[in-house]
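Colleague: Attaching a predicted model along with its sequence, questions to come.
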Amino acid sequence: MDNAWRCEVGSGNWNASANWSLGRVPSGSDDAIINCPGDLTVTVSGGVPGAATLRNANTLQITAQGSLSAGTIQNDAVLQSSGFISGTSIRNNANFTWLGGELTYSNLRNDDLIAVLSGATHVARGGVLTNAGTIAHTEGTLTIVGTVINQNLYDFQAGTITNQNLNNADTGTLRKSTSGTATISAPFNNSGGMVEVLEGTLVFTGGGTSNDGFYAVAAGSNLLYRGSPTFRGTHFGVIEGALRLEAGSLFQTGDPAVLNFLGTGLQWVGGELNYSNLRNDGFITVLSGANHIARGGVLTNAGTIALSADGVVTVVGDYAQTAEGALAVTLASSTQFGRATIFGQARLAGDLAPNLAAGYTPAVGDEFPVLTYGSRVNPFDTCSGCDLGEGRMLNQVFTVSQLRLVAIQP
């Protein structure tokens, strides 16, 4: 039975019986309707009986002390809440300003705008929240009890997303668009969608599994992985800022997995890569200051792996470099240079690219054991940095278990 807000009343409190067409507050089998011309606000400031359905076409405001429930809830205008909303099915077709409190549902679908505001905690509790519009998360903590599926745009400006699954569909974009740091400690599962950092820092700490994806990090911005993420399929993008795998991480990949990060590429600060077969088609820099372990079947390099002057990587498995690949090694002194240890077989091709740190010139006779291996097939095809100028060069000396670069002057 329709129980409509009496438009002649104007704005008022939900709990006033005289404000409703049936002379009582909606409950039971009532279909609550708020649909009046002009601007008016209906305020829920306490607990109310549950109605069968609710359709709002004006402004509905639930205060921090307010509690509203209905079997089906549809917002076609303005919904503002810092309290409690419960519905089996909730649909937002317009503007929902979420100031805090809790949403409980079996299914919630957003086709327009949900603005997550204030520093309060926001709890999304239920089955699935599907975002087919925009979620603008400007501050505060979103606690997911269930699953959030992003099919369009989740603009994560600041705050924290915690607890259970945040899924990014192949049509979805997770965007960090303002300065400061935003953290996702919930599992993040990317199914071919886009992760975009336009400004500030986005941090993943909750792991999760990503099957394909595109990544874009603007200059001066940061995308940081901590914890234990799993990548499967192909992950590519243009990195102008920093995409970093932090120390202490366990970065796992499915079989096969391809990384193709261009620009500044992936910065490997520390931690472990675990894989069956992993292929690099882009740019990976092994940075200083922590141990780096690549553990698995075959690590194939068809792009560039750059070892910084203190970058030490241990490959527990085989290393295969294609004709298009390059292994770049920075030499800063006779005791400070990048190096790789391969427990299995080193199948070499492509380019060896030693480069000198600023201000350093090797003395004749200096040796750099840059590569150690269990066994080896073939040398590198070229050595683009072996000519040091002024008649000096780096000579490649292969032994049964090691490659040393030796500074000579023929």
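Modeller: On my side now, so go ahead.

Colleague: Tell me where the protein has helices.
Modeller: Using DSSP state H, the chain contains no helices.

Colleague: how about low-confidence regions in it?
Modeller: Judged against pLDDT under 70, the low-scoring parts of the chain cover residues 248, 254-255, 289-290.

Colleague: buried set for the lengthiest strand in it?
Modeller: If you go by DSSP state E, the chain has its longest strand at strand 250-263. If you call a residue buried by 16 or more other Cβ atoms under 10 Å, then strand 250-263 has these buried ones: 250, 251, 252, 253, 254, 256, 257, 258, 259, 260, 261. Quick note: C-beta positions are derived from backbone N, CA and C, even for glycine.

Colleague: biggest separation within the residues you listed, which pair?
Modeller: Of all pairs drawn from those, the one with the longest distance (Cβ to Cβ) is 250 and 260, at 21.6 Å.

Colleague: picking that back up, send me the longest strand of the chain as CSV with only the CA atoms.
Modeller: Taking Å, rounded to 0.1, in the frame of the first residue of the first chain, the C-alpha atoms of strand 250-263 are listed here in CSV:
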residue,chain,number,x,y,z
LEU,A,250,56.0,-11.5,-1.3
PHE,A,251,55.0,-10.9,-4.9
GLN,A,252,53.4,-14.0,-6.4
THR,A,253,52.5,-14.6,-10.1
GLY,A,254,50.4,-17.1,-11.8
ASP,A,255,51.6,-19.1,-14.8
PRO,A,256,52.4,-17.5,-17.1
ALA,A,257,52.6,-13.8,-16.0
VAL,A,258,54.0,-10.9,-18.1
LEU,A,259,55.1,-7.6,-16.7
ASN,A,260,55.4,-4.7,-19.2
PHE,A,261,55.9,-1.5,-17.3
LEU,A,262,57.4,1.2,-19.5
GLY,A,263,58.9,4.6,-18.5
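
Colleague: For it, which strands pair with it and how are they oriented?
Modeller: Strand partners for strand 250-263, identified by DSSP bridges, are recorded as strand 229-239 (parallel), strand 271-274 (parallel), strand 277-280 (parallel).

Colleague: and those, which is most packed in?
Modeller: When those are scored by mean count of other Cβ atoms under 10 Å, the highest mean neighbour count falls to strand 277-280 (a mean of 22).

Colleague: Run through who's touching that one.
Modeller: Strand 277-280 has contacts (Cβ atoms under 8 Å, 6 or more residues apart in numbering) with 253, 255-260, 294, 296-305, 325.

Colleague: so what's residue 184 bridging to?
Modeller: Note on residue 184: beta-bridge partners residue 161, residue 204, judged by DSSP bridges.

Colleague: pretty sure it is touching residue 201, no?
Modeller: No - with contact defined as Cβ atoms under 8 Å, residue 184 and residue 201 do not form a contacting pair (11.6 Å).

Colleague: re the thing from before, format the buried residues of strand 250-263 as CSV; extra columns: distance to residue 57.
Modeller: Written out in CSV, the entries for the buried residues of strand 250-263 read as follows (distance: Cβ to Cβ, whole Å):
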residue, distance to residue 57
250, 51
251, 49
252, 49
253, 49
254, 47
256, 52
257, 49
258, 49
259, 49
260, 48
261, 47
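
Colleague: and which of the residues you listed is nearest to residue 371?
Modeller: The shortest gap between residue 371 and any of the buried residues of strand 250-263 belongs to residue 259, at 21.2 Å (Cβ to Cβ).

Colleague: Please report the distance of that closest one from residue 234.
Modeller: When distances are taken as Cβ to Cβ, to the nearest Å, residue 259 and residue 234 turn out to be 8 Å apart.
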